[in-house]
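Asks: Based on what follows, work out the 3D shape:
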Amino acid sequence: MSWGRSILRRIGPGFIMASVVLGPGSIVAASRAGAEAGYRLLWVLVSAAVLMAVYTSMGARLGCALDTTPLDYLSRKTGRWLAALAGVSGFLVAAGFQFGNNLGVAFALGGLLGEHAWLPLWLWPILFTGLSMAFLWSAKHVYKALERMMMVLVAVMIVAFVANLFWTGISVPRLVGGLVPRGEPGDLIIASAMLATTFSVVGAFYQAYLVRAKGWKREDLKTAVSDAWLGISALGIMSAVIMIGSAETLFGSGSSFGHIGQLAQQLRGILGPVSNLVFCCGLAAASFSSFIVNAIVGGGLLADGFGLDSQVDSKSTRWCASAALLAGCLVAIVTLVFGTGTTQTTSLLIAQASTLLAVPLCALLLLVLTSSRSVMGDLRNRAVTMALGGVGLAILLWLAWTRLSALYTRVADWFQ
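Replies: Numbering: from 1, shown residues only. Next comes the predicted model:
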């Protein structure tokens, strides 16, 4: 029993971060990669998980080294403008994509309950937004409650997605072959989607806040870093399992799906209702965990950017997180009731435009701060970490450029 409690004390922030990254978007990206490329792009997923672990461990070390929050430190050194810019852009990313988590919850429960669903899809976002806000405002210690909830939800995800291999099977030779870097024409779009959804550097930046909420200091560095790697390893394993299951069931079938509900329906037709039930349980856990933590990340960054109390338990963080929850809920309701239209398109444009700034900015700030001797002292980045961090930053800048090109095309089409 004491051994189990010791293990629980050593984990937390890394698994919370894994729960927010593994949401509907990353599940769709991994599933589409398996359906369209089989095992061929497994190496891309592994690479993205490694880069995410490197940046998340940077965030963990930054949280252990600083005596204040990252954006508060920046405001002292550079002025409030840079901290506010990072906080606002991080909040807009969270709020803009929050509606995707709402849709994920709605489609997951719709697929889970099927014809027995007692609520129309558009009411599920209202229900879960209400539950999330009740959680935010009723929990005396939000971080402790969040940590326990995310551990349970991550456990459900692991059991559900790994259990699905019982129906799909796994090809060991193709698994090994998928770890060898290679690609074919058309793989670039799929690979970029997996990189964007798995390598979530805004979340890695917020790891510093979670480490502070956990109460870890410089003397807890090894624990904080190992927790980061364990959490992101769990994320990578679950994403790989989802990709493998899709490769075994959908690759070569010509299947096409645009959202998580269509994916669940296809798996139900191929694997049967029992497998679909297990998959939807994991999907619901992934959607709901991302649903809550994403709002807290955006709320905490916004509060800190403007010099407000950014502790997870503070009223300012709860108010800002509530704003992100309500914005996502509103867009999801309009989308579910009226279909894809102007409101959804506008939300996507705002989210993509914010990502263009927030992601490279958070990556650059995290890399620069953790490489600084004056900030980190003996905890600063070593050569290998700096090299991998540079590679990650270059990839993020490339992704930002591709998003900018796509955004320009969308805006041009929108005004025509």
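Asks: rest of the way, CA atoms for contacts and neighbours
Replies: Noted.
Asks: Check the offset of the helix or strand harbouring residue 374 from the chain's centre.
Replies: Assessed by DSSP states H and E, residue 374 sits inside helix 373-376. In terms of Cα atoms, centre = their mean, to the nearest Å, the centre of helix 373-376 is found 28 Å from the chain centre.
Asks: any idea of the mean pLDDT in it?
Replies: Mean per-residue pLDDT for helix 373-376: 92.
Asks: Tell me the first helix or strand C-terminal of that helix.
Replies: helix 383-414.
Asks: can you give me the offset of that next one from its chain's centre?
Replies: 17 Å.
Asks: What average pLDDT does that helix get?
Replies: The pLDDT scores in helix 383-414 average 84.
Asks: and residue 233, what does it touch?
Replies: 49, 53 (Cα atoms under 8 Å, 6 or more residues apart in numbering).
Asks: any idea how far it lies from residue 48?
Replies: Here the distance between residue 233 and residue 48 works out to 11 Å (Cα to Cα, to the nearest Å).
Asks: before we move on, what about residue 406?
Replies: 22 Å.
Asks: if you count what's nearby, which of these two comes out ahead?
Replies: Neighbour tally, residue 406 and residue 48, criterion other Cα atoms under 10 Å: the higher count belongs to residue 48, 24 against 13.
Asks: so residue 283 touches residue 24, yeah?
Replies: Yes - taking contacts as Cα atoms under 8 Å, residue 283 lies within contact range of residue 24: 7.4 Å.
Asks: Residues in contact with both of these two, list them for me.
Replies: With Cα under 8 Å, 6+ apart, residue 283 and residue 24 have common neighbours residue 104.
Asks: What average pLDDT does stretch 127-136 get?
Replies: 89.
Asks: quick one: contacts for residue 140?
Replies: residue 313.
Asks: how close does it sit to residue 19?
Replies: Distance from residue 140 to residue 19, by Cα to Cα: 21 Å.
Asks: Then residue 370?
Replies: 24 Å.
Asks: who's more crowded, those two?
Replies: Comparing residue 370 with residue 19 by other Cα under 10 Å, the one with more neighbours is residue 19, at 29 against 26.
Asks: mind listing what's buried in the helix or strand where the more buried one lies?
Replies: Assessed by DSSP H and E, residue 19 sits inside helix 13-21. Neighbour counts over helix 13-21 (16 or more other Cα atoms under 10 Å) mark 13-21 as buried.
Asks: which secondary structure elements does that helix contact?
Replies: helix 142-163, helix 201-214, helix 221-250, helix 273-305 (3 or more Cα pairs under 8 Å, 6 or more residues apart in numbering; DSSP states H and E).
Asks: okay, these in CSV with mean pLDDT and distance to residue 109 next?
Replies: Listed next are the helices and strands packed on helix 13-21 as CSV, based on pLDDT from 0 to 100; distance: least, Cα to Cα, whole Å:
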stretch, mean pLDDT, distance to residue 109
helix 142-163, 85, 15
helix 201-214, 93, 26
helix 221-250, 91, 18
helix 273-305, 84, 7
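Asks: possible to save the ones you listed as JSON lines with distance to residue 395?
Replies: Below are the helices and strands packed on helix 13-21 laid out as JSON lines (distance: least, Cα to Cα, whole Å):
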{"stretch": "helix 142-163", "distance to residue 395": "28"}
{"stretch": "helix 201-214", "distance to residue 395": "11"}
{"stretch": "helix 221-250", "distance to residue 395": "18"}
{"stretch": "helix 273-305", "distance to residue 395": "23"}
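Asks: Out of those, flag the one nearest residue 38.
Replies: Closest to residue 38 of the helices and strands packed on helix 13-21 is helix 221-250 (Cα to Cα; 4.4 Å).
Asks: Show me where the stretch 51-200 of the chain dips below the pLDDT cut-off.
Replies: Where the stretch 51-200 of the chain drops to pLDDT under 70, the residues are 108, 110-118.
Asks: Please tell me I have it right and residue 217 contacts residue 62.
Replies: No - between residue 217 and residue 62 there is no contact under Cα under 8 Å: 9.9 Å.
Asks: higher neighbour count, those two?
Replies: When residue 217 and residue 62 are compared for neighbours, residue 62 comes out ahead with 31 against 19, by other Cα under 10 Å.
Asks: and that one, what is it in contact with?
Replies: Contacts of residue 62 (Cα under 8 Å, 6+ apart): 70, 208, 369-370, 376.
Asks: Pipe the residues you listed into JSON lines and attach distance to residue 272 per row.
Replies: Putting the contacts of residue 62 into JSON lines (distance: Cα to Cα, whole Å) gives the following:
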{"residue": "70", "distance to residue 272": "49"}
{"residue": "208", "distance to residue 272": "43"}
{"residue": "369", "distance to residue 272": "51"}
{"residue": "370", "distance to residue 272": "49"}
{"residue": "376", "distance to residue 272": "53"}
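Asks: ranking these by neighbours, who comes first?
Replies: residue 208 (29 neighbours).
Asks: For that residue, which non-adjacent residue is closest in space?
Replies: Sequence neighbours aside, residue 63 is the residue nearest to residue 208 in space, at 3.9 Å (criterion: Cα to Cα, 6 or more residues apart in numbering).
Asks: which parts of the helix or strand encompassing that neighbour are buried?
Replies: Using DSSP H and E, residue 63 falls within helix 42-65. Buried residues in helix 42-65, defined by neighbour count with 16+ other Cα under 10 Å: 42-65.
Asks: just checking, next helix/strand downstream of it?
Replies: helix 70-78.
Asks: ok, and what's touching that next one?
Replies: Contacts for helix 70-78 (Cα under 8 Å, 6+ apart): 62-63, 80-83, 86-87, 208, 301, 304-305, 307.
Asks: could you redo the last one with a cut-off of 10 Å?
Replies: Contacts to helix 70-78, defined as Cα atoms under 10 Å, 6 or more residues apart in numbering, come from residues 59, 62-63, 66-67, 79-87, 205-206, 208-209, 301-310, 365-366, 369, 375.
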